[in-house]
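1. Model the following, please.
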Amino acid sequence: MQLPLCYPMSCTHLPVFCMTAQVVIWSRVHMDGSNNYEPGVVSSDGVPEVSSVYDTDTGNYVVKRLRLTPFCTGNSHMPDGKVLATGGDDYSGQTGYTNGLKGIRLFEKASGNDNWDAGNWKIYTQQLQQPRWYPSQTLMPDGNRVVIMGGTRSQTTPIPVPSAEIFSYSASSSIKIDTLAVLQGFGGYILYPTVFVLPYTSSVTPGAVHMFVFNCVGGAIMSLFTDNTWREYRALSNAIWPTPGYCASYSMAGTSVLLRLEPESDYAAEVVMFGGFKRAISQCECDQETNGYAHRIKLDKKTVDDNRLSWKRELMPSPRNLNDGVLLPNGKVLVLNGAKRGVIANLRDAALDAWLYDPKAAAGSRFTVLAAASLKRYYHSIALLLPDASILVAGSEYGECTEACAHGTPWLFQHQAERFKPPYFFSGSRPSIISTSTATPKYNTDVTVGYSGTVTGAVLVAPAAVTHQVNMNQRAVKLVVVNNDTTNKRITVKMPPNSYIMQPGYQMLFLMNGDVPCMKASWIKLVL
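-> Sure thing, here's the model as predicted:
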């Protein structure tokens, strides 16, 4: 761990800006009524702001006005690098704020200025068709449609919203809404459902997008067609879940990762979930059991088409809840944050150790326990990959659950960020990128990269957009090596075959020396 850096406000939502190591933060005002903010957060009108652009290299920040309450939005990147945030909360009792439950917001650069920290939030006049607190949000392979799914009507009205809206970026509005049976089946467990675009289309109906949709213990493979109609292609019945009574991936439970897609396996999809909690509520929530298993499911085209879906599970080093999973360029997963006991805001026995999960190792030997953090990070903490392949760790709004649960868990708004350096930082063999033949390649075309050091391959990694243990933009694709001229230090790699494998937009290009990524990624923009 590096020494902590201060950031200006509680950190709940955190996308990475393309072409930089800057992130945009948004959250909510301090619920304890305190004025415990960093300098510049409270505006001249006396209202604390809830958004900023934070530079992870320098620790500097620029506060940004966002008065359409954005707490618990969906968030994702658009192909032009801008950040879209939909839904929000109704905490409009705070002076200066308005209800953001139907809000649509876009962070964009200022005209004539190429720096993100000079940009601002744009508020759309069009709104979502339904209020959404805790919706998931996913960019489709066409680079235009964004699916906004689930959530509840508000934080004060916990009525589920079992529908999916389609937002058109070109039309700047929500163009269709449908109630989905899979979301109705989630009942109250509809907060930030897990949604992954699978890396293939239908052989029968080309252009259809298949999505893995999951919450707690079950879900479905959903198909979205070009005419914006939906079909449930395959059910993920609760009956096949191998750990009855325990939730896995869910906004206030465990985390999930779509493992790195690789050409050697024809980009076969596989999802792994880490931890969660026991669903039955005990007398004291602080001592609620947490889930001690990792769960994996194969989602390659043949397995899904043949309807042979099944879970495999393996013991983790310890039970864990409210943890974050970060997909590294080498295909391994870093697990951080959370607790060993409790649920939601009522947690104790912090899970301080970082774990490294190797999906290609033999079952029973995939986890390695790494360094421990010095700061406890519970509900509303985050972790994400930066362009130098380090991990930004931040957030947390609650302290330790009180003894015997006699009193409510105290607020503790964490303003310190940390950087975790995985083992490859200490290998001494990290290459560097010198040049790229193009910054805007099309799919299935070649890109030549000049380098120093030793290089054996390359990987594309999407910039993160993370909140509540859910990274809505996390994806990594190993690239085909066309030629590697080790004498002249030039490697030619082929971009992914299509946008189902990786959605269009800005991606981080990492050169690899075996499992060791380069010193700093180069940004490229995948175009259709």
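
2. CA atoms for contacts and neighbours, from now on please.
-> Fine.

3. Just the element for residue 371, please.
-> Counting by DSSP states H and E, the element that carries residue 371 is strand 367-372.

4. Mind listing the strands that strand pairs with, and their directions?
-> strand 353-357 (antiparallel) (DSSP bridges).

5. Kindly spell out which helices and strands sit in contact with the very next helix or strand once past the strand holding residue 371.
-> Using DSSP H and E, the next helix or strand after strand 367-372 towards the C-terminus is strand 381-385. Taking 3 or more CA pairs under 8 Å, 6 or more residues apart in numbering; DSSP states H and E as contact, the helices and strands that strand 381-385 lies on are strand 324-327, strand 391-395, strand 465-467.

6. Averaged pLDDT, the strand holding residue 371. What do you get?
-> Per-residue confidence for strand 367-372 averages out to 97 on the pLDDT scale.

7. Would you state the strands of the stretch 201-350 of the chain in chain order?
-> According to DSSP state E, counting those that start in this stretch, the stretch 201-350 of the chain carries its strands in the segments 209-215, 218-224, 230-236, 255-258, 270-274, 293-298, 311-315, 324-327, 333-336, 339-343, 346-350.

8. got it, and the stretch 401-528 of the chain?
-> Counting by DSSP E, counting those that start in this stretch, the segments of the stretch 401-528 of the chain that form strands are 416-420, 432-436, 446-452, 457-461, 465-467, 470-471, 476-478, 480-485, 490-494, 505-513, 516-517, 522-526.

9. now the ones you listed as TSV including mean neighbour count, distance to residue 195 and mean pLDDT?
-> Formatted as TSV, the entries for the strands of the stretch 401-528 of the chain read as follows, by neighbours: other CA atoms under 10 Å; distance: least, CA to CA, whole Å; pLDDT from 0 to 100:
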stretch	mean neighbour count	distance to residue 195	mean pLDDT
strand 416-420	21	27	92
strand 432-436	17	33	98
strand 446-452	18	30	98
strand 457-461	25	18	98
strand 465-467	27	13	94
strand 470-471	30	9	94
strand 476-478	25	16	98
strand 480-485	15	27	98
strand 490-494	21	27	98
strand 505-513	25	19	98
strand 516-517	25	27	98
strand 522-526	21	22	98
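
10. CSV for these, including distance to residue 41?
-> Formatted as CSV, the strands of the stretch 401-528 of the chain follow (distance: least, CA to CA, whole Å):
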stretch, distance to residue 41
strand 416-420, 15
strand 432-436, 38
strand 446-452, 42
strand 457-461, 32
strand 465-467, 21
strand 470-471, 26
strand 476-478, 35
strand 480-485, 46
strand 490-494, 45
strand 505-513, 30
strand 516-517, 36
strand 522-526, 31
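
11. Please name whichever of the ones you listed is nearest to residue 96.
-> Comparing those against residue 96 with CA to CA, the closest turns out to be strand 465-467 (24.3 Å).

12. Show me what that closest one is packed against.
-> Of the remaining helices and strands, those touching strand 465-467 by 3+ CA pairs under 8 Å, 6+ apart are strand 13-15, strand 74-77, strand 381-385.

13. any idea how far it is from the chain center?
-> On the basis of CA atoms, centre = their mean, to the nearest Å, the separation between the geometric centre of strand 465-467 and that of its chain is 4 Å.

14. Check stretch 294-314 too.
-> What separates the centre of stretch 294-314 from the centre of its chain is 22 Å, taken as CA atoms, centre = their mean.

15. before we move on, what about stretch 124-140?
-> Taking CA atoms, centre = their mean, one finds stretch 124-140 lying 17 Å from the centre of the chain it belongs to.

16. Spatially nearest residue to residue 449, not counting backbone neighbours?
-> If the residues on either side of it in the chain are set aside, residue 449 comes closest to residue 436, at 4.4 Å by CA to CA, 6 or more residues apart in numbering.

17. Let me know the helix or strand that residue 185 is in.
-> helix 181-186.

18. so after that helix, what's the next helix or strand?
-> Taking DSSP H and E as the definition, the helix or strand that follows helix 181-186 towards the C-terminus is strand 194-197.

19. what mean pLDDT does that next one have?
-> Mean pLDDT, computed over strand 194-197, is 97.

20. what's in contact with it?
-> Counting by CA atoms under 8 Å, 6 or more residues apart in numbering, strand 194-197 makes contact with 136, 138, 140, 209-215, 249-250, 256, 258, 470, 472, 500, all of which sit outside it.

21. nearest to residue 384, of the strands of the stretch 401-528 of the chain?
-> Proximity to residue 384, assessed across those by CA to CA, is greatest for strand 465-467 (7.3 Å).

22. partner strands of that closest one, parallel or antiparallel?
-> Within its sheet, strand 465-467 is paired with strand 13-15 (antiparallel), strand 470-471 (antiparallel), according to DSSP bridges.

23. Now do the end-to-end distance for stretch 131-143.
-> End-to-end distance of stretch 131-143 (CA to CA, to the nearest Å): 24 Å.

24. count of residues packed around residue 42?
-> By the criterion of other CA atoms under 10 Å, residue 42 has 16 neighbours.

25. State the distance from it to residue 49.
-> 6 Å.
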